[in-house]
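**Q** let me see the structure of the following:
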Amino acid sequence: MKKIINKPEDYVTEMLEGLYIAHSDLITFTGGDVHCLVAAHKKPGKVGIATGGGSGHLPLFLGYVGKGMLDGCSVGDVFQSPSAEQMLAVTREIDSGAGVLYIYGNYNGDIFNFDMAAEMADFESSIRVESVVAGEDVASAAPTKPGEKNTRRGVAGIFFLYKCAGAAADKMMNLDEVRRIAEKAAANVRTMGVALTPCTVPRVGSPGFSIADDEMEIGMGIHGEPGIRRGKLEPADRITDEMLEKIVADLPYQKGDEVAVLVNGLGATPLDEQYIVTRRIDRDLKERGISVYRYYVGEYATSLEMAGFSISLLKLDDELKELLDAPAQTPFFRQ
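**A** Predicted coordinates for the structure are as follows:
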C-alpha cells in the first residue's frame with residue numbers, strides 16, 4: 001500500500017481536520033464530533049437537508065454541504081456507514097423548524113441507521129424527517145416495477161438529487177415540496193460505471209479485488225461490487241457506447257428529451273480521458289435526438305484511487321432546469 005497518510009486508523013479524522021481548516025467559511029462540526037459535519041451558516045426557516053455515508057468517495061458525500069445544496073452530513077469510516085447517533089446530531093443541528101430531508105444511497109447500513117435516526121429525531125426532538133433513497137445504478141439490478149422496492153445502488157447520480165433538492169430548499173419550499181423534487185430527480189436519473197483498477201482501504205492495506213492490467217469491468221460499483229461484464233480493455237468510444245446504450249434504454253430516454261450529463265472520474269482517471277468520453281457522449285446523444293442542457297465533468301463521486309469513470313443522465317423539465325441552474329457554493333462545487 002502506497003498512500004500519503006500517517007496511521008490508517010487516523011485517516012478519516014485527519015482528512016476531516018484538514019477540510020475544516022481549508023473550508024472554515026463553509027463548514028464546521030457539531031457536538032464535538034468531527035464526523036458530524038454541518039454548514040457554517042444556517043438559513044432560518046429553511047428545510048434542512050442531510051446526507052451521510054462512508055468516507056473514501058470525496059467529494060461525495062460531505063463535499064456538497066454548503067450554500068444552496070446540503071446542510072449536514074454524517075461521516076463514516078472508509079466504506080462504512082456512520083452511526084444513527086451521528087445522524088441524529090446532524091439532524092438536530094440543521095433543523096430550523098421546517099423539518100429535515102434525508103437523501104442517501106441505497107445501502108443497507110445507511111438505510112438502517114438513517115431510519116433509526118429519523119425515529120429518534122421525531123421521538124426525542126419532535127423533528128419531522130422525510131427520506132429519499134437514491135438508487136440509480138442500472139448495472140446493479142433490474143428496473144423496479146410499480147410497488148416493488150428499489151434494490152439498485154446509489155452512485156454518482158445522487159449529485160443531481162442534492163443539487164435540485166438543495167435549490168428547492170434554498171427557495172424556501174416546504175418539506176413536502178423539497179421531498180417531491182428529490183423524488184422527481186431520483187426517478188429521472190440513471191448511471192453506469194466502469195472500473196480499470198481496484199482501490200485499497202487504508203485499514204485493510206491491500207486491494208479490495210484484482211483485475212488484470214489489460215482488463216476492465218463494466219458496471220462495477222463504487223465499493224468494488226461486481227459489475228455485469230469483465231473483459232479486455234477497449235477503446236474509449238466503444239466503452240462509452242456500451243454504457244450509454246444501457247443507460248438510455250433503461251428509463252428509457254427518448255428522442256426530444258433534454259438531459260443533464262455527469263461524467264464522473266472514480267479517483268485516478270485524468271480529466272483528459274474524461275473529456276474524451278464527453279465528446280463521444282455528445283455525438284451519441286445528438287444521433288439519438290437527445291439534447292444536452294448542461295455537462296458536469298470531473299470527480300463527483302470517487303472510490304479512493306480507483307481508475308475508471310461513470311456516466312449519469314438526468315432527464316429534465318423546466319422545473320428541474322431552473323433548480324439545476326440555481327447558484328451553489330460548497331467546498332467541492334461552485335456554480
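**Q** okay, CA-based contacts and neighbour counts for the rest of this
**A** Fine.
**Q** pull the contacting residues for residue 63.
**A** 330-333 (CA atoms under 8 Å, 6 or more residues apart in numbering).
**Q** looking at the residues you listed, which is nearest residue 262?
**A** residue 333 (13.3 Å; CA to CA).
**Q** what about the closest one, how many neighbours?
**A** Using other CA atoms under 10 Å, residue 333 has 16 neighbouring residues.
**Q** secondary structure class for residue 101?
**A** Secondary structure, DSSP: H, G, I helix; E, B strand; the rest coil: residue 101 is strand.
**Q** pretty sure it contacts residue 48?
**A** Yes. Using CA atoms under 8 Å, residue 101 is in contact with residue 48, at 6.2 Å.
**Q** check contacts around residue 125.
**A** residue 92.
**Q** picking up where we left off before, the contacts of residue 63 into CSV, with extra columns for distance to residue 194, secondary structure and pLDDT?
**A** Output for those, formatted as CSV (distance: CA to CA, whole Å; DSSP: H, G, I helix; E, B strand; the rest coil; pLDDT from 0 to 100):
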residue, distance to residue 194, secondary structure, pLDDT
330, 27, coil, 98
331, 27, coil, 98
332, 23, coil, 98
333, 24, coil, 98
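**Q** now, which of these sits nearest residue 171?
**A** Using CA to CA, these come closest to residue 171 at residue 330, 17.1 Å.
**Q** so how far is residue 232 from that closest one?
**A** 39 Å (CA to CA, to the nearest Å).
**Q** the two: who's more crowded?
**A** Ranked by neighbour count (other CA under 10 Å), residue 330 and residue 232 place residue 330 first, with 21 against 11.
**Q** grab the nearest non-local neighbour of the more buried one.
**A** Distance criterion CA to CA, 6 or more residues apart in numbering; nearest residue to residue 330, sequence neighbours excluded, is residue 66 at 4.4 Å.
**Q** around that neighbour, how many other residues sit close by?
**A** 26.
**Q** for residue 4, same thing?
**A** Residue 4 has 7 nearby residues by other CA under 10 Å.
**Q** okay, the contacts of residue 63 in TSV with distance to residue 108 next?
**A** Below are these laid out as TSV (distance: CA to CA, whole Å):
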residue	distance to residue 108
330	28
331	28
332	27
333	28
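**Q** tell me the one of those residues nearest residue 124?
**A** residue 330 (30.4 Å).
**Q** can you tell me which residues contact that closest one?
**A** 26, 63-67, 69.
**Q** so which of those are in helices?
**A** With helices taken from DSSP state H, there is no overlap with those.
**Q** of these - the most surrounded one?
**A** When neighbours are counted by other CA under 10 Å, residue 65 leads the contacts of residue 330 with 32 neighbours.
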